[in-house]
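In: Okay, predicted coordinates and the sequence, questions at the end:
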Amino acid sequence: METLALVILVIAVVGVALVGAVAGLVVTRRRKPGPLPDTHTDVLGTPTADPEAPPVELSAPPATIEPEAAVEPEAPAEPVAPPLERPEGTASRLVRLRQRLAGSQGALGRGLLALLSRERLDEDTWEDIEDTLLTADIGVAPTQELVERLRSRLRVEGTADPRAVLREELLALVDPTMDRALRVSGEGDEPGVVLVVGVNGAGKTTTVGKIARILVAEDRSVVLGAADTFRAAAVEQLGTWGERVGVETVKGEEGADPASVAFRAVEEGRRQGVDTVIVDTAGRLQNKQGLMDELGKVKRVVEKQAPVTEVLLVLDATTGQNGMIQARVFSEAVDVTGIVLTKLDGSAKGGIVVAVQRELGVPVKLVGLGEGADDLAPFDAGAFVDALLGG
């Protein structure tokens with residue numbers, strides 16, 4: 001009886017243990033989380049930090065996004081004035097230009113000296129001498145006069161020193177007694193007024209700028225008048241020349257009345273009390289009489305402000321007889337008082353100095369020998385003849 005009770009007790013204990021084990025398995029299965037649903041969201045939440053996880057060291061501090069500051073518009077840059085140039089002085093300019101002239105014009109002198117140094121000066125030789133002079137644009141009348149004087153002197157004095165004889169006669173032909181001073185000063189407190197005339201392409205506007213440089217180098221105050229209103233490029237070019245040496249340029253609208261611009265330039269020069277006003281006029285074609293009349297109008301209008309002290313005609317030395325035609329027409333329109341010869345570095349064309357002086361009865365006052373800013377200098381008769389003879 002006791003044995004049976006013990007067996008029943010063991011069976012009961014085992015049954016209870018089995019029931020407990022099965023119940024534990026069921027509870028465990030119910031607590032296991034299922035998979036997350038697929039929500040297809042692009043928003044990632046911030047993961048919760050595990051308090052027991054070791055700290056993660058960063059190789060660099062995290063970037064911080066600063067709010068954008070309002071960008072203020074930049075103030076316009078102040079225009080920077082170009083540095084003023086100091087033009088070359090007259091003395092050094094003359095030395096350099098004489099050297100250049102001698103190198104380019106010596107062919108004429110060498111050719112003449114070769115002919116005059118022959119043992120026998122026959123008619124053929126004298127004809128060759130005439131041809132050489134005519135090719136140099138000296139002109140028919142001056143050439144005949146020079147040949148006659150050379151023949152007379154060499155017949156009497158012989159050919160012992162033909163260079164000295166030729167130099168004396170050429171110098172007389174160029175006429176060193178002519179007054180070549182530039183009249184750039186007015187009477188009393190009035191400014192000197194210089195009108196610069198000539199056809200387009202002769203270097204007129206450039207010459208105005210170069211004259212301004214010469215005057216600035218002599219410590220004179222200057223105002224420029226851009227009265228060539230038919231060419232916008234001429235107005236801009238003259239303004240650039242003025243800026244380089246600190247000289248004011250009075251301008252007008254494109255196509256404006258040239259006389260009104262010239263008038264305002266002289267008016268401004270008087271107001272400022274400057275020494276000289278230089279007016280660049282339009283380049284006139286010599287066969288347009290109406291345009292020449294308008295050029296005369298410019299001169300008359302300017303003289304309501306102040307007397308014109310100088311009228312310079314700019315001629316291209318390489319144009320030969322065409323330049324002589326221009327000289328005659330301009331002289332009739334505005335009473336030319338001086339000649340500026342540009343591009344005189346052309347080969348053996350220096351004889352136009354003689355021809356134009358004979359034609360107009362006015363002196364060559366300035367010569368230009370190149371494109372450089374200071375390649376303009378007062379004309380010197382002795383230096384010019386020496387250059388023709390090659391030294």
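Out: Nice, thanks for sending it over. Here the structure is a predicted model, which is why all the values come from computation and not from measurement. Residues are numbered from 1 along each chain as shown.
In: list the contacts for Val340?
Out: The contact partners of Val340, taken as CB atoms under 8 Å, 6 or more residues apart in numbering, are 196, 198, 207, 312-315, 364-368, 376. For the C-beta atoms, the positions are set from N, CA and C on the backbone; glycine is no exception.
In: one more time with 7 Å, if that's ok
Out: Taking CB atoms under 7 Å, 6 or more residues apart in numbering, we find Val340 in contact with 207, 312-314, 365-366, 368.
In: Looking at neighbours, which among the residues you listed is most surrounded?
Out: Counting neighbours by other CB atoms under 10 Å, Leu313 leads the contacts of Val340 with 29 neighbours.
In: Kindly list the main-chain dihedrals of it?
Out: phi -100, psi 120 (degrees, to the nearest 10).
In: my read: it touches Val199, true?
Out: No: in this structure, Leu313 is not within contact of Val199 by CB atoms under 7 Å, at 9.8 Å.
In: rewinding a little: show me the two of the contacts of Val340 that sit farthest apart.
Out: Across the contacts of Val340, the longest distance by CB to CB is 13.2 Å; it joins Leu313 and Gly368.
In: sorry, back to before: Throw the contacts of Val340 into CSV and include pLDDT, thanks.
Out: Shown next, in CSV, are the contacts of Val340 (pLDDT from 0 to 100):
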residue, pLDDT
Thr207, 94
Leu312, 96
Leu313, 95
Val314, 94
Lys365, 95
Leu366, 93
Gly368, 86
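In: CSV for these, including secondary structure?
Out: Output for those, formatted as CSV (DSSP: H, G, I helix; E, B strand; the rest coil):
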residue, secondary structure
Thr207, helix
Leu312, strand
Leu313, strand
Val314, strand
Lys365, strand
Leu366, strand
Gly368, strand
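In: Quick check: chain neighbours aside, which residue is closest to Phe376?
Out: No, residue 376 isn't Phe; it's Leu. Lys210 (4.0 Å; CB to CB, 6 or more residues apart in numbering).
In: Gly338 too?
Out: Nearest one to Gly338, counting by CB to CB, 6+ apart, is Lys365 at 3.9 Å.
In: ok, the one you found touching Ile339?
Out: Yes: with contact defined as CB under 7 Å, Lys365 counts as touching Ile339 (6.5 Å).
In: Phi, psi for the residue found closest to Leu366 once you drop the neighbours it is linked to in the chain please.
Out: Leaving aside its sequence neighbours, Leu366 sits nearest to Val340 (CB to CB, 6+ apart; 4.4 Å). Dihedral angles of Val340 (phi, psi; degrees, to the nearest 10) stand at phi -120, psi 120.
In: same question, Glu267
Out: Dihedral angles for Glu267 - degrees, to the nearest 10 - are phi -60, psi -40.
In: which ones are touching it?
Out: Taking CB under 7 Å, 6+ apart, one finds Gln305 in contact with Glu267.
In: and whichever strand or helix holds Val353, how far out from the chain's middle?
Out: Using DSSP states H and E, Val353 falls within helix 352-360. How far helix 352-360 lies from its chain's middle: 31 Å, per CA atoms, centre = their mean, to the nearest Å.
In: what pLDDT, on average, does it get?
Out: The average pLDDT within helix 352-360 is 89.
In: That one - contacts with which helices or strands?
Out: Other helices and strands packing on helix 352-360, by 3 or more CB pairs under 7 Å, 6 or more residues apart in numbering; DSSP states H and E, are helix 140-157, helix 162-174, helix 321-334, strand 338-342, strand 364-368.
In: Would you single out the least confident of the ones you listed?
Out: helix 321-334 (a mean of 84).
In: check contacts around Val250.
Out: For Val250, the contact set (CB under 7 Å, 6+ apart) comprises 223-226, 261, 264-265, 268.
In: can you pick the most crowded of the residues you listed?
Out: Going by other CB under 10 Å, Gly225 tops the contacts of Val250 with 33 neighbours.
In: The closest residue to Gly242 other than its chain neighbours is in what secondary structure piece?
Out: Counting by CB to CB, 6+ apart, Thr249 is the residue found nearest to Gly242 once chain neighbours are left out, at 4.1 Å. Thr249 is part of strand 248-250 when elements are defined by DSSP H and E.
In: What pairs with that strand, parallel or antiparallel?
Out: If you go by DSSP bridges, strand 248-250 pairs up with strand 222-226 (parallel).
In: Show residues contacting the strand it pairs with.
Out: 208, 212, 215-216, 234-235, 238-239, 242, 247-251, 261-262, 265, 268-269, 272, 274-280.
In: what are the C-alpha coordinates of the helix or strand that it is followed by, in CSV please?
Out: Where DSSP H and E defines the elements, the next helix or strand beyond strand 222-226 is helix 232-245. The C-alpha trace of helix 232-245 is given here as CSV (Å, rounded to 0.1, in the frame of the first residue of the first chain):
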residue,chain,number,x,y,z
ALA,A,232,33.7,109.5,-83.1
ALA,A,233,37.1,107.9,-83.2
ALA,A,234,38.8,111.3,-83.4
VAL,A,235,37.0,112.5,-80.3
GLU,A,236,38.0,109.4,-78.3
GLN,A,237,41.6,109.5,-79.6
LEU,A,238,42.0,113.1,-78.6
GLY,A,239,40.5,112.4,-75.2
THR,A,240,43.1,109.6,-74.7
TRP,A,241,46.0,111.9,-75.6
GLY,A,242,44.7,114.5,-73.1
GLU,A,243,44.3,111.9,-70.3
ARG,A,244,47.9,110.8,-70.7
VAL,A,245,49.3,114.2,-69.8
